[in-house]
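**Q** Next one to model:
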Amino acid sequence: MAPSQPALLVAQSGGPTPVMNASLAGVVEQASRSGISRVLGARFGIQGVLQGDLIHLEDQPTSIWSAIRHTPSAALGSCRRKLSAEDRRSALEVLIELNVRYFLYIGGNDSADTALALDQTAKQVGYDLKVISIPKTIDNDLPGTDHCPGYGSAARFIAQCTQDAGLDTEAMRLSDPIKLIEVMGRDAGWLVAAATLGKLDEGHAPHLICVPERHLDVDAFLGAIESAYRRFGFVVAVVAETIRDLAGMPLGSANEVLAADAFGHPNLGGAAATLTALIGRELGVKARFDKPGTIQRMSMALASAVDLDEAYAAGCQAVIYALEGQSGCMVGFTRPEGSPYRCEMKPVDLRLVANQQKILPPTFLESGPFSIGAAFQAYALPLIGAPINPYPRLL
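**A** Below is the predicted model:
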């Protein structure tokens, strides 16, 4: 027999971020304020629903949520699992048995696909289930929203690390004059472009930006590296891990594509290593590369205060939407014109989000093949919180 009190169930999915738990805290605290007495958390995303691996979040000490709000990663655990038709039915059976009436899923493009599948399955069988997606991705590539929780913090990390790498490379120019930094982002260059957010002038890092929206002319890239090296004495270039050549082939080691994830996205890598080797061979100059990997999506030390607040607000708003009777939607952000910066929230149809991707618009790419336009700066700077502090130089 299903419990008499309706429950809200929340889960986390996809790559964790510094602010993913802020959304979780927002859900739990807003549910409590709204009088929902049963709040379940699924361990390891939808997999926890399928396996019945659930915990009662309402039993947690109320004081824990202020600390969870500022804790990186995914407190409930995460997963990457695409639902089969059988999975959909099985997951819904679990939710019906538990009398779950509100299902909130924190995640990105693929998580939106999972939420949409559950919403459609519930409607097909006539079960009253409100399904809300809470956006999360450092890739910043979800359609229907101005930006995504997680992006501002990862963008701040990349901007700061690029400035640090610039000073290191400038100081070590006699032995290690060229540095490449390989950045995440699938096929959207939002995070790569963020490397420019601490750049003060043309002599500062980064000198070259290679986003996946533009296929890379390797010869032109080598020419630009050589030109910058002769002009400044050192070079820092930031490249997307998914960068492809003019033929559309990934630049990863020997054009190798590693195993794809559960949603069919290929795991590409090795672009910086390939380009570093090319620089040494073709230009005769020593080059090194850094690859932050998952650290770039997890740094709480460089988290954006704006990002943390908006992630929490998105969790709260998801509960409000569910209680209002909305379903099959994602919490989206809009940005009213004018200054100072502020954002508002709106529901976005999940059919416009699931398995879709928003890339850098042409207005952000107008400045040339290896740079990012000023319009991007105006867009992204408010999202990273406090400005990147400029480093002084000796006179």
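
**Q** V236 belongs to a strand?
**A** Yes. Per DSSP: H, G, I helix; E, B strand; the rest coil, V236 lies within a strand segment.

**Q** Excluding covalently adjacent residues, which one is nearest to it?
**A** Leaving out its chain neighbours, the residue that sits closest to V236 by Cβ to Cβ, 6 or more residues apart in numbering is A205, at 3.6 Å. In short, each C-beta sits where N, CA and C put it, glycine included.

**Q** thinking that neighbour is in contact with K199, fair?
**A** Yes. Taking Cβ atoms under 8 Å as the definition, A205 is a contact partner of K199 at 6.9 Å.

**Q** Looking at these two, which has the bigger crowd around it?
**A** Per other Cβ atoms under 10 Å, whichever of A205 and K199 has more neighbours is A205, with 28 against 23.

**Q** Contact partners for that one?
**A** Residues near A205 by Cβ atoms under 8 Å, 6 or more residues apart in numbering: 162-163, 165-167, 169-170, 179, 195, 199, 236.

**Q** So which of these is the closest to M345?
**A** Ranked by distance to M345 (Cβ to Cβ), the contacts of A205 are led by A195 at 28.5 Å.

**Q** so how many other residues sit close to that closest one?
**A** Look at A195: counted by other Cβ under 10 Å, it has 28 neighbours.

**Q** Ok, L381 next?
**A** Other residues lying near L381 total 18 when counted by other Cβ under 10 Å.

**Q** what about the closest residue in space to it that isn't next to it in sequence, which SS state?
**A** Spatial nearest neighbour of L381, excluding adjacent residues (Cβ to Cβ, 6+ apart): L197 at 6.1 Å. The local conformation at L197, judged by three-state DSSP, is helix.

**Q** follow-up on the earlier one: between A205 and K199, which contacts overlap?
**A** Common neighbours of A205 and K199 (Cβ under 8 Å, 6+ apart) are 162-163.

**Q** the helices in the stretch 251-395 of the chain, which residues?
**A** Listed in chain order, the helices of the stretch 251-395 of the chain (DSSP state H, counting those that start in this stretch) span 271-283, 305-323, 374-380.

**Q** per-residue confidence for the residue nearest to L381?
**A** Confidence at L197, expressed as pLDDT, is 98.

**Q** next one: the one 3 residues further on
**A** Note on L200: pLDDT of 93.

**Q** Pretty sure it sits against P390.
**A** Yes. L200 lies in contact with P390 (Cβ under 8 Å); the separation is 5.7 Å.

**Q** intersection of neighbour lists for those two?
**A** Residues touching both L200 and P390 by Cβ under 8 Å, 6+ apart: none at all.

**Q** sec struct for the closest residue in space to M298 that isn't next to it in sequence, please.
**A** Spatial nearest neighbour of M298, chain neighbours left out: P72 (5.2 Å); criterion: Cβ to Cβ, 6+ apart. At P72, secondary structure determined by three-state DSSP is coil.

**Q** tally of neighbours for P72?
**A** Using other Cβ under 10 Å, P72 has 19 other residues around it.

**Q** show me where pLDDT drops low in the stretch 201-350 of the chain?
**A** Along the stretch 201-350 of the chain, segments meeting pLDDT under 70 span 253-269.

**Q** name the helices or strands packed onto the longest strand seen in the chain?
**A** If you go by DSSP state E, the chain has its longest strand at strand 100-107. Packing partners of strand 100-107 (3 or more Cβ pairs under 8 Å, 6 or more residues apart in numbering; DSSP states H and E): strand 7-12, helix 20-33, helix 109-125, strand 130-135, helix 305-323.

**Q** let's see it at 6 Å
**A** Strand 100-107 sits against strand 7-12, strand 130-135, with contacts defined as 3 or more Cβ pairs under 6 Å, 6 or more residues apart in numbering; DSSP states H and E.

**Q** Of those, which is nearest L222?
**A** Across the helices and strands packed on strand 100-107 (criterion: Cβ to Cβ), the nearest stretch is strand 130-135, sitting at 38.4 Å.

**Q** Off-centre distance for whichever helix or strand comes after the closest one?
**A** Going down the chain from strand 130-135, the next helix or strand is helix 151-171, by DSSP states H and E. In terms of Cα atoms, centre = their mean, to the nearest Å, the centre of helix 151-171 is set 17 Å apart from its chain centre.

**Q** and the next helix or strand after helix 151-171 with helix 271-283, angle?
**A** Using DSSP H and E, the helix or strand that directly follows helix 151-171 along the chain is strand 178-183. Relative orientation of strand 178-183 versus helix 271-283 (axes from the mean of the first three to the mean of the last three Cα atoms, to 10 degrees): 160 degrees.

**Q** Which residues outside strand 178-183 are in contact with it?
**A** Strand 178-183 is contacted by residues 158, 165, 169, 191-192, 235-239, 241, 271-272, 275-276, 279, 285, 287-291 when judged by Cβ atoms under 6 Å, 6 or more residues apart in numbering.
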